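In: Model the following, please.
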Amino acid sequence: MAAKSLDESDVGIFCYISNLPGFRGVLKQRYSDFIVNEVDRDGNVVHLSSLDAPAEIVEEKGMQTSDTTNISYASLIESFKSLAGNSDAELLEEFLNQLNSGGGDSVSPIVLSPDSDKSHRTAMHNFFKENFKFLVTDAVDGPDASSKCIRVRLNSGGRDNKVRNSKKRKERGDKPFDSRGSENWPENVGKFLRFHLYKENKDTQEALGVIGKMLGIQPKSFGFAGTKDKRSVSTQRVTVYKQKASRLASLNERLIGIKVGDFCYVKEGLLLGQLLGNRFTITLRGVVADSEDTIKASADALGRHGFINYFGLQRFGSGSVPTHLIGAALLRGEWKLAVDMILDPRTGERDAITKAREYYKNSNDVEGTLKQLPRHLVAERAVLQCLKKSPENYLQALKAIPRTLRMMYVHSYQSYLWNHAASLRVQKYGTEQVVLGDLVYCKDNPVGKDTGFVDNELTNGCDDRYDSSLNEEEFADMDVREESNSHVKAVTADDLNSGYYTIEDVILPMPGSRVIYPINDIAQVYHDLAKKDAINLTESVHNVKEFSITIMTGSYRRVFQKPINFEWELLAYTDNSKPLAETDLDKMGKTKPIGNVEPVHVDSGEKLENLDCRRQSESSDAGAKLETDNSETSGEQVGLAQEDSESSSQIALKFSFTLPSSCYATMAVRELLKTSTSVAYHKTLN
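Out: Below is the predicted model:
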């Protein structure tokens, strides 16, 4: 069991671009201090702007529009009244009204009056079968032995509907989506409902798990482009297979910390990587610096020069057992060690989880441990479920983990090597110019043209949806494209003389079988580090392809990244409990119209130096006021309490920017503060 949480130096994060002094600032003191809005492939920033479901033009067969339903049902209810009596007819009418209001499966079944006449009950069943095809009936025990009661419920294809769902479970499990209750979906309506998911202090899987449970559908019915950080307020696109907008919209009243809206029907579901990036609004509280000029200089430098494009700590897991060490064990073929590292106790977890891990380590009781482990620990439960069936088959247990999650371990090790190589590149050759042997994308290759939004991390393909309890920022926000090495070249002397390439063009490889390495000293760091972990980057010690670095394709990643559309401002505030930035939900509460998406305009030739890195007024911020350009400091540290009427006033730095997918906003924060972004460090500041 590791003695401490992971720190940046453990995973190769050492350097900064600028030599400016840092300053004190607290990251994520409140989860609303870290706002993330997805950017779709058209360059639009995704916002939540409406919670209302659109008017349903066409309903499922057997169901009519809500405006005409009551009229068409009136005659049927009258007929039912003559068959069943007034009380049952009124009960049925109320039940239908609840369904028409969008309640769906959340509406409880109704039980009609006791009936001891079997022939009459048969007539009742036939009435529903002929006139209400979207309802099903069955008989339940009445108050005495001689009577039965007819139960009426929505035909959602649940577990009791054995006639319509007679297919074997194995056959249904092969389908990519949970299609129960969707046999009558209209042909002219897209099969996927796309909506905007707004969540506070919840990861993507957790939020969708709650929604899926309320809808009674499986997690695989949902699609999304990338996971978002848990301790944040985020908005992203999600698709769900064959679900009505009115049904999801009706959940908003019961959802806590989650909202869904901006519904539309589309033909295809979202897949991982189908995004350009993310728009971040980050507020650093409790800022303390030598002077306001220090903060200004750091913010301007970040906008002009960017930051080293490290993989952040989220890439390596939030626990004390780093994912890259598990990846190294997989590359060495040490299956049991990898399983032990996944299951072993670790620091920083809740007591119940620690207790379950320790129980397994001491007892080796698989079934008893499964009863204790929370369901969100996907990898741990998958491993144990397999070991329950096949004891000591550790390789098979590892393969039981969802593919995207188990591949994350190996990708984490690749990232570990990349970070170290990036640090050595900066330490040895600086941050200002290209040197002989650096790798760059060829200028005639469209991938190499910097539009501000090209994601140059060309990753190995992933077929399965990311499913993990690990707290990460944008692990899954990756394209799955592949490029041949003909699009990558090592810089020559002629290139240096021509000035054709700049420091912004420099890339480094993620190790794999199809990458080339720099033609300078940086290449050796990959092999030296791997050798320390008993790994050979050119030979594999086992034949398990997915855990072999000689089979993996590999990829490339920019060493330096500039924030796009960068803005910043200093705020003075007195109340730590008040938000300093508006969320989508805050904006919806205002009278001014809010657009569905906010276009991001990035000209391919635009230089960050020309972007307006200004401090804007924000009169809407509760408890906040703008630090004006002519504000003066008393010579003491900015942010320290003064002995006057404003002794409780503090300084916050709020900044907004857009990054391509797979870039870590926390690394931009690190460049500003010149301090660690680890959770443990910022807890000490809180």
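
In: So what's the residue count around the residue lying closest to Gly212 once chain neighbours are set aside?
Out: Distances taken as Cβ to Cβ, 6 or more residues apart in numbering place Pro219 nearest to Gly212, at 5.4 Å, with adjacent residues excluded. Bear in mind the C-beta positions are built from the backbone N, C-alpha and C, glycine included. Neighbours of Pro219 under the rule other Cβ atoms under 10 Å: 14.

In: can you give me the strands in the stretch 1-150 of the chain?
Out: Under the criterion DSSP state E, counting those that start in this stretch, the stretch 1-150 of the chain contains strands at 24-26, 34-39, 44-46, 110-111, 135-141, 148-154.

In: and among those strands, the most buried is which?
Out: strand 34-39 (a mean of 25; mean count of other Cβ atoms under 10 Å).

In: That one - what's its average pLDDT?
Out: For strand 34-39, the mean pLDDT works out to 97.

In: Also stretch 560-570?
Out: The model assigns stretch 560-570 a mean pLDDT of 96.

In: Now do it: distance to the chain's middle.
Out: Its chain's C-alpha centre lies 22 Å from the corresponding centre of stretch 560-570 when counted by Cα atoms, centre = their mean, to the nearest Å.

In: ditto for stretch 512-530
Out: For stretch 512-530, the distance to the chain centre is 31 Å (Cα atoms, centre = their mean).

In: cool, stretch 348-359 as well?
Out: 25 Å.

In: mean confidence for it?
Out: Stretch 348-359 carries an average pLDDT of 91.

In: Name the residues of that stretch that are buried.
Out: Gly348, Glu349, Ile353, Ala356, Arg357, Tyr359 (16 or more other Cβ atoms under 10 Å).

In: quick one: the third one and Leu537, what's the gap?
Out: According to Cβ to Cβ, to the nearest Å, Ile353 and Leu537 sit 35 Å apart.

In: now, which of the buried residues of stretch 348-359 sits nearest Asp505?
Out: Gly348 (39.3 Å; Cβ to Cβ).

In: quick one on the thing from earlier: correct me if wrong: the residue nearest to Gly212 contacts Ile211.
Out: No: the criterion here is Cβ atoms under 8 Å, and Pro219 misses it with Ile211 at 9.7 Å.

In: Now do the same for the residue nearest to the spatial centre of the chain: helix, strand or coil?
Out: The residue lying closest to the centre of the chain (Cα atoms, centre = their mean) is Thr227, at 1.3 Å. Secondary structure assignment for Thr227 (DSSP: H, G, I helix; E, B strand; the rest coil): coil.

In: And for the one 4 residues further on?
Out: When classified by three-state DSSP, Arg231 comes out as coil.

In: Now do the helices in the stretch 201-350 of the chain.
Out: With helices called from DSSP state H, counting those that start in this stretch, the stretch 201-350 of the chain shows them at 204-215, 245-249, 292-305, 323-332, 335-343.

In: worst average pLDDT in those?
Out: helix 204-215 has the lowest average pLDDT among the helices of the stretch 201-350 of the chain, namely a mean of 90.

In: Buried residues, it. List them.
Out: Applying 16+ other Cβ under 10 Å to helix 204-215 flags Thr204, Gln205, Ala207, Leu208, Gly209, Val210, Ile211, Gly212, Met214, Leu215 as buried.

In: now the fifth one: how far from Ala490?
Out: This means Gly209. Taking Cβ to Cβ, one finds Gly209 at 47 Å from Ala490.

In: circling back: export the buried residues of helix 204-215 as JSON lines, with columns for distance to Gln524.
Out: Below are those laid out as JSON lines (distance: Cβ to Cβ, whole Å):
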{"residue": "Thr204", "distance to Gln524": "39"}
{"residue": "Gln205", "distance to Gln524": "39"}
{"residue": "Ala207", "distance to Gln524": "45"}
{"residue": "Leu208", "distance to Gln524": "44"}
{"residue": "Gly209", "distance to Gln524": "45"}
{"residue": "Val210", "distance to Gln524": "49"}
{"residue": "Ile211", "distance to Gln524": "50"}
{"residue": "Gly212", "distance to Gln524": "49"}
{"residue": "Met214", "distance to Gln524": "55"}
{"residue": "Leu215", "distance to Gln524": "54"}
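
In: Alright, I will stop here.
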